[in-house]
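Enquirer: below is the structure, and that's it, no one-letter string:
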Ligand code: AP5
Ligand code: MG
């Protein structure tokens with residue numbers, strides 16, 4: 001049975017960083033709903049404008065839209081042998097949709113919590129910078145680029161700072177996470193599908209734990 005690896009964790013915990021490493025090293029595609037919506041938000045359409053506003057506010061996009069996008073994306077050919085979900089599910093409705101999807105696709109759900117205490121998250125998020133070309137994730141405190149402000153792999157490209165990575169918005173995002181998403185940890189724990197890794201250590205140490213878990217189960 002192929003696995004749907006569900007990376008769970010608070011905003012800034014390191015889901016995207018780990019999902020990118022998993023994709024690179026296992027070949028399974030990373031499906032980040034946050035990245036998909038940030039790409040969609042670049043258009044000049046009423047829907048893009050709405051998505052931009054919701055993301056910038058740190059609130060959640062409607063379940064209907066998220067579910068439609070995940071359904072379409074995960075039924076593509078490259079997901080046949082499993083995939084990595086980064087930032088989905090985030091609500092009970094989304095988790096229930098994923099149960100159905102997993103049955104239809106013949107996959108098993110394998111949830112991994114990247115566990116980081118809230119007090120460390122603000123610095124991770126405020127310090128984050130990303131490359132708009134390749135998506136590489138940096139941090140001015142923990143993983144600075146070789147040259148300030150530009151991607152190591154695309155030196156002609158200025159790194160970007162997300163509109164929701166401010167102290168004020170991180171507070172809202174954490175409240176949203178606490179209310180809507182954290183209950184899903186119990187949901188997966190009750191059915192013995194939740195695996196926890198200590199996300200406070202360096203990126204490679206966190207990755208090694210995730211890899212061990214995925215291989216051993
Ligand atoms: P999304 O993009 O998913 O944001 P998030 O959940 O808030 O998570 P982040 O991307 O901020 O953090 P991350 O855990 O990926 O951390 P990262 O690896 O980058 O969603 C954004 C918005 O889109 C939502 O608010 C919502 O509006 C919408 N949305 C998305 N999905 C949705 C859904 N399913 N339903 C409804 N709405 C949805 O790391 C963070 C920083 O820390 C980086 O700088 C990194 O370099 C650094 N770092 C990572 N690991 C370490 C480490 N081990 N040590 C030190 N630094 C580290
Ligand atoms: Mg992310």
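Expert: Noted; the coordinates are in hand. Everything quoted here is computed from the prediction, not taken from an experiment. Ligands and ions are numbered 1, 2, ... in the order given.
Enquirer: drop to CA atoms for contacts and neighbour counts, all remaining ones
Expert: OK.
Enquirer: tell me if I'm right that residue 129 and residue 160 touch.
Expert: Yes. Residue 129 is within contact range of residue 160, at 5.4 Å (criterion: CA atoms under 8 Å).
Enquirer: of the two, who's got more company?
Expert: Neighbours were counted for residue 129 and for residue 160 using other CA atoms under 10 Å; residue 129 has more, 26 against 17.
Enquirer: so, in contact with ligand 1 or not, the helix or strand encompassing the more buried one?
Expert: Element membership for residue 129 (DSSP states H and E) is strand 128-130. Yes. Using CA under 6 Å from any ligand atom, a contact is recorded between strand 128-130 and ligand 1, made by residue 128.
Enquirer: so which residues make contact with whichever helix or strand comes after that strand?
Expert: Note on strand 128-130: by DSSP H and E, the next helix or strand toward the C-terminus is strand 137-139. Strand 137-139 is contacted by residues 16-17, 124, 127-131, 144-145 when judged by CA atoms under 8 Å, 6 or more residues apart in numbering.
Enquirer: repeat that with 10 Å
Expert: Outside strand 137-139, the residues within contact range by CA atoms under 10 Å, 6 or more residues apart in numbering are 14, 16-17, 20, 123-131, 143-145, 149-152, 159-160.
Enquirer: strands - which of those residues land there?
Expert: Per DSSP state E, strands hold the following members of the contacts of strand 137-139: 128-130.
Enquirer: can I get those residues in TSV including pLDDT?
Expert: Output for these, formatted as TSV (pLDDT from 0 to 100):
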residue	pLDDT
128	98
129	98
130	97
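Enquirer: which of these lies closest to ligand 1?
Expert: residue 128 (3.4 Å; CA to the nearest ligand atom).
Enquirer: ok, is stretch 95-104 in contact with ligand 1 or not?
Expert: No. If you take CA under 6 Å from any ligand atom as the test, stretch 95-104 misses ligand 1, and the best it gets is 9.5 Å.
Enquirer: report the mean confidence score over that stretch.
Expert: When pLDDT is averaged along stretch 95-104, the result is 97.
Enquirer: that one: which residues count as buried?
Expert: 95, 97-98, 101-102 (16 or more other CA atoms under 10 Å).
Enquirer: looking at the residues you listed, which are in helices?
Expert: Of the buried residues of stretch 95-104, the ones assigned to helices by DSSP state H are 95, 97-98, 101-102.
Enquirer: ok, the residues you listed vs residue 67, which is closest?
Expert: Of all these, residue 97 has the smallest distance to residue 67: 7.3 Å, by CA to CA.
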